[in-house]
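> below are the sequence and a predicted model for it; my questions follow.
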Amino acid sequence: MEIDHDIPRLPVDTESYKFNGDWDIVYHKSHILKSMCTNNHKCIKDDPGCCELCCYEFKLELPHLPEMVFSKNNLVLTHKNGARIEFNPLDALARVKNGKSSIRVACADEWKSSRDDAANMQEIKPFDWSFTTDYQGTYNDKIRCEDTDAKLNIFKLMQKERILFYHDLSLFEDELHDHGIAACSVKIRVMPSGFFILLSYFLRVDGVLIRMNGTRFHYEIGNNYILKEYTSREAKFESIKHLPPAIYTTPSEIEKHLTITLKKTQKLFFD
Ligand SMILES: [Zn+2]
C-alpha cells in the first residue's frame, strides 16, 4: 500500500456522512476522561464550570468509574425530520446498576480490598463493578418504539456491499484489575442499501464468566423505521472451557457459544 508522506496526518476527531439525503451521521472522538478533578476538587454539582470528571461523578453516583471512559466519544444519527439517535458513554454508564453484583471474581477478597482502598472507606455503595449495562442508545421524542416479531435481515447484512462509511468507537473500558475486561463500544457501517449499527457491552471475568449485551440496528432504505434487536448472552467459564482460549478474547467468535438469556426486537419509527 502506498502512503502519501506529503500530506500531514492530523488527528481526526470528527467526521460526518449524509446518507441518502435523509440521515446525518456524525461521530466525535477524543481522549479519555481525566482521572483527576481539574478544579482542585472544588467542583459544584450543576455548575457550568464543573470539570468533566466531576460532572460524570455527580451524574452517575458510582463509587468509581471504569479505568477508561471515552467521555467525548459519541455517534449521532439525525433524520431530516428531527428524529435523533445517539450513543454515548455517560448514558451507557447511567444504566449500570448501583446494587450488589452477583458475580464473584476468582480472588474476590483481594479485589474488594484494593477497591476499598482506592475509594473512600465511608459510604461505599455496593455496585456492579462489572459495569454491566443494557444501554440501547439514547433517543429523542421523535422516535417511537414498538415491539415486533420481525427478524433482522441477516441475508441482506451478509451480502457483500460497498462500504460508504464505517467507524468503530469505544465508549468505556475497564480491565477489572487484570481479572478480565468490561468494554462498551459502538460501530456503524453504511452501505448503499442502508446502515447497520452494533452497540456492544462485553464482559469477561477470567475463570468466572463471559457476558455480552448487544444491540443491533438495521435500517433499510424505504422503511420508516429502524429494526433494533437487543440480545443478552452469558456463559460460565466452566461450560466453555473446552474451547481454545483465543476465542475468549474475540467477542464475535465467543458470541456463538453463549446462551441467550434475553432477546427483544423493536421497530424504531422515525416519522
Ligand atoms: Zn472537578
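The structure has been received and is ready for your questions. Numbers count the residues shown, from 1 in each chain.

> any weak-confidence spans in the chain?
For the chain, the stretches with pLDDT under 70 are 1-12, 99-127.

> which parts of it sit against the ion?
Within the chain, the positions adjacent to the ion are 37, 39, 43, 51, 54 by C-beta under 5 Å from the ion. The C-beta positions use only the backbone N, C-alpha and C, and glycine is treated the same way.

> pretty sure the first one sits against Cys43.
Yes - Cys37 is in contact with Cys43 according to C-beta atoms under 8 Å; the separation is 5.9 Å.

> so which of those two has more stuff around it?
A count of neighbours by other C-beta atoms under 10 Å puts Cys43 above the other of Cys37 and Cys43, at 18 against 15.

> how many neighbours does the residue nearest to the more buried one when sequence neighbours are not counted have?
Nearest residue to Cys43, sequence neighbours excluded (C-beta to C-beta, 6 or more residues apart in numbering): Cys54, at 3.6 Å. Neighbourhood size, Cys54 [other C-beta under 10 Å]: 19.

> again, but for Glu15
Neighbours of Glu15 (other C-beta under 10 Å): 12.

> next one: it from the ion, what distance?
Here the criterion is C-beta to the ion, to the nearest Å. By it, Glu15 lies 30 Å from the ion.

> name the nearest residue to that residue, ignoring sequence neighbours.
Leaving aside its sequence neighbours, Glu15 sits nearest to Tyr27 (C-beta to C-beta, 6+ apart; 6.1 Å).

> now do Leu93
Nearest non-adjacent residue to Leu93, counting by C-beta to C-beta, 6+ apart: Leu60, 5.5 Å away.

> could you pull up the residues touching that neighbour?
By C-beta atoms under 8 Å, 6 or more residues apart in numbering, the residues touching Leu60 are 90, 93-94, 96.
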